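Chemist: Predicted model, plus sequence, below.
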Amino acid sequence: MAACIDDPRAPGRVVYGLDEIIRFRMLMIAAGYEDGKDADRLRRDPIFKLAMERLPEAGDLCSQATISRTENLPGPRALLRMGMAMVEQYCSSFRRVPNSIVLDIDDTFDAVHGVQQLCLFNAHHDEYGFQPIVVFDGDGRMIAAVLRPACRPKGSQIVKWLRRLIDAIRSRWPRTAIILRGDSHYCTPEVLRFCRARDLSYIFSVAPTSTLRKHVIALEASTARPGRNRHRARKFGGSRSSMMVRQAGTASSGSSRASRPDRWGRYRLYRRQPEGWIATHPISKHLLRARPG
């Protein structure tokens with residue numbers, strides 16, 4: 001991380017290197033001290049000195065002012081280099097190239113307690129803060145993150161950021177299959193077009209709408225037995241259901257148990273078989289284009 005930042009200080013007058021400052025700041029956050037001003041007290045702590053590979057009787061660590069200047073030092077290009085360094089570190093953690101990886105993309109809310117740059121009011125959380133996007137793999141290892149204002153990202157913004165991330169991973173692993181997973185606000189036309197153009201598999205939630213529910217009921221009515229269809233439509237027609245959509249292989253028709261709604265009105269669109277994921281509901285053919293593999 002320190003190598004990604006241009007240090008404008010005079011080398012002969014540097015007391016704390018950027019790597020020491022960043023390491024101290026990360027240790028503070030890991031120990032629960034999120035405020036930079038806590039450094040004025042912790043810089044003399046013997047445990048933090050030992051963690052920084054210093055003896056307790058050695059000199060103090062850096063102060064809050066030094067940390068604040070360092071945090072405001074990186075520009076846009078330095079932040080991009082730091083993001084690429086995180087991806088590089090993630091790829092280097094594997095002993096051999098994996099056949100496939102799962103990327104869980106999601107955003108979180110980080111409340112602020114001042115007038116920081118990029119902070120906005122979020123009505124859902126009823127607070128001012130940031131809404132950064134973070135990406136973890138299927139095993140919970142962090143891959144990348146980007147700091148954002150506290151508003152829902154647009155599809156074009158998500159694609160712009162995903163393009164850099166996917167290109168960085170595929171520059172190291174060109175043959176690794178990548179599967180994207182995300183909530184419903186990542187299921188936008190721009191993101192879906194990007195996934196198909198880059199040959200990415202994806203699992204995105206679909207937000208429930210009245211039009212989608214009517215379409216599901218109509219398809220269910222065309223395949224279910226007539227005696228049970230009217231009761232099912234009355235029972236599940238008005239419920240707020242959500243469906244998980246997955247790119248799959250060959251679509252199949254018919255009214256199997258997996259194609260009928262459960263007690264909450266949800267439909268299972270795909271079912272795992274030894275030969276792969278198989279479509280179990282007729283709506284699969286309308287939501288996605290069936291692709292081999």
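Modeler: Yes, it's here.
Chemist: Could you name the specific helix or strand carrying residue 199?
Modeler: Using DSSP states H and E, residue 199 falls within no helix or strand.
Chemist: distance of it from residue 190?
Modeler: Taking Cβ to Cβ, to the nearest Å as the measure, residue 199 falls 17 Å from residue 190. C-beta: built from backbone N, CA, C; applies to glycine.
Chemist: now do residue 61
Modeler: 46 Å.
Chemist: what does residue 207 give?
Modeler: From residue 207 to residue 190 the distance is 16 Å (Cβ to Cβ).
Chemist: Show me which of residue 61 and residue 190 is the more surrounded one.
Modeler: residue 61 (24 against 15; other Cβ atoms under 10 Å).
Chemist: pLDDT score for the residue lying closest to that one once chain neighbours are set aside?
Modeler: Spatially, and ignoring its direct neighbours in sequence, residue 61 is nearest to residue 43 (4.0 Å; Cβ to Cβ, 6 or more residues apart in numbering). Listed pLDDT for residue 43 reads 92.
Chemist: what sits against residue 43?
Modeler: Residues counted as contacts of residue 43 (Cβ atoms under 8 Å, 6 or more residues apart in numbering) are 60, 61, 62, 63.
Chemist: Now the phi/psi pair for residue 126, please.
Modeler: phi 60, psi 40 (degrees, to the nearest 10).
Chemist: what pLDDT does it get?
Modeler: On the pLDDT scale, residue 126 gets 88.
Chemist: gap between the residue nearest to residue 175 when sequence neighbours are not counted and residue 167?
Modeler: The shortest distance from residue 175 to any non-neighbouring residue, by Cβ to Cβ, 6+ apart, is to residue 97 (7.5 Å). Here residue 97 is placed at a distance of 17 Å from residue 167 (Cβ to Cβ).
Chemist: follow-up on the earlier one: among the contacts of residue 43, which ones are buried?
Modeler: Buried subset of the contacts of residue 43 (neighbour count, 16 or more other Cβ atoms under 10 Å): 61, 62.
Chemist: Mind putting the contacts of residue 43 into TSV with pLDDT and distance to residue 215?
Modeler: Shown next, in TSV, are the contacts of residue 43 (pLDDT from 0 to 100; distance: Cβ to Cβ, whole Å):
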residue	pLDDT	distance to residue 215
60	91	66
61	93	61
62	92	60
63	93	62
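Chemist: quick one: low-confidence parts of the stretch 151-293 of the chain?
Modeler: Within the stretch 151-293 of the chain, the segments meeting pLDDT under 70 span 224-293.
Chemist: Show me the strands in it, by range?
Modeler: With strands called from DSSP state E, counting those that start in this stretch, the stretch 151-293 of the chain shows them at 177-182, 201-206, 243-246, 270-273, 276-279.
Chemist: residue closest to the middle of the protein?
Modeler: Among the residues of the chain, the one closest to the centroid is residue 105, at 1.9 Å (Cα atoms, centre = their mean).
Chemist: wait, what's in contact with that residue?
Modeler: If a contact means Cβ under 8 Å, 6+ apart, then residue 105 has 133, 134, 135, 158, 162, 180, 181, 182, 186 as its contacts.
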